[in-house]
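this one's sequence-less:
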């Protein structure tokens, strides 16, 4: 009976640790997916397939680049890549096909990050675009990260980090000076295109789920072993996941522009349908 109770406790501990490690990232992906789905829905109603394709010219290649880079990091063999295909019979705008060793734990875990790759590449592209095109806004965001996230990491509140990040970016971007800066408008167009295709497809989610199961399995085995020798992994995992504050701060960029894309697509839909 004690063995079963210990096994159940280890199982629950592993689930909690899994949530701490990747739960927030999954939540960000889900939220961006909901925003993108409604944005594309309004664009499709307003302009048909052309509405979605208008943003795919840069959004889809960056989406697929995220998968590709993670394939390289996790040692998967890439067999075929299409960064953008506008005339696909099944509506797939791009894809990355890859193979891996099913007997490798490292490769199996990699499936999770390969599936989540577009979130990393999308956010990275938004930050890089800000750095190149609107450097003053980028500097304001960087200072916020350094002063209010890094220095106060232990006391960071998740919702406060997200809210303050969105507020900081909004205030630094939408200034009177930027309204007369052509580079700002270029960045805005690019940001809308990127955020319109940052979310995960069903295939991406299915691939990530395989890796998620392996991460859970590794945590479970680790907790079984450390439990026998009296090592507290929970405290270590919780301390390690202070990086979630950075996940929220950087994700706020994608969240902001996904909201903007939703608003723009809704307005265009209403204008097209005559309100």
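Alright, I've got the coordinates. Quick caveat, the model's predicted, so the values are computed rather than measured.

now do the helices in this structure.
2-18, 24-47, 49-73, 105-115, 117-133, 135-144, 158-173, 176-179, 182-195, 202-229, 233-240, 244-272 (DSSP state H).

just so I know, which of the ones you listed lies nearest residue 98?
Of all the helices of the chain, it is helix 49-73 that lies closest to residue 98, at 4.8 Å by C-beta to C-beta. No exception for glycine: its C-beta is placed from N, CA and C like everyone else's.

between the closest one and helix 202-229, how many degrees?
When axes from the mean of the first three to the mean of the last three C-alpha atoms, to 10 degrees is applied, the directions of helix 49-73 and helix 202-229 differ by 30 degrees.

who's in contact with helix 49-73?
Outside helix 49-73, the residues that touch it by C-beta atoms under 8 Å, 6 or more residues apart in numbering are 40, 43-44, 47, 77-78, 81-84, 86, 93-96, 98, 110, 113-122, 125, 190, 192-198, 204, 261, 265, 268.

lowest-scoring secondary structure element of this structure by mean pLDDT?
Every helix and strand of the chain was ranked by mean pLDDT, DSSP states H and E. The lowest is helix 233-240, at a mean of 68.

okay if I get the helices of the chain as CSV plus mean neighbour count?
Output for these, formatted as CSV (neighbours: other C-beta atoms under 10 Å):
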stretch, mean neighbour count
helix 2-18, 14
helix 24-47, 18
helix 49-73, 20
helix 105-115, 21
helix 117-133, 21
helix 135-144, 17
helix 158-173, 17
helix 176-179, 10
helix 182-195, 19
helix 202-229, 16
helix 233-240, 14
helix 244-272, 20
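
worst mean pLDDT among these?
By mean pLDDT, the lowest-scoring of the helices of the chain turns out to be helix 233-240, with a mean of 68.

find the nearest non-adjacent residue to the spatially most central residue of the chain, please.
Residue closest to the average C-alpha location in the chain (C-alpha atoms, centre = their mean): residue 119, at 2.7 Å. Of all residues not flanking residue 119 in the chain, residue 29 sits nearest, at 5.6 Å (C-beta to C-beta, 6 or more residues apart in numbering).
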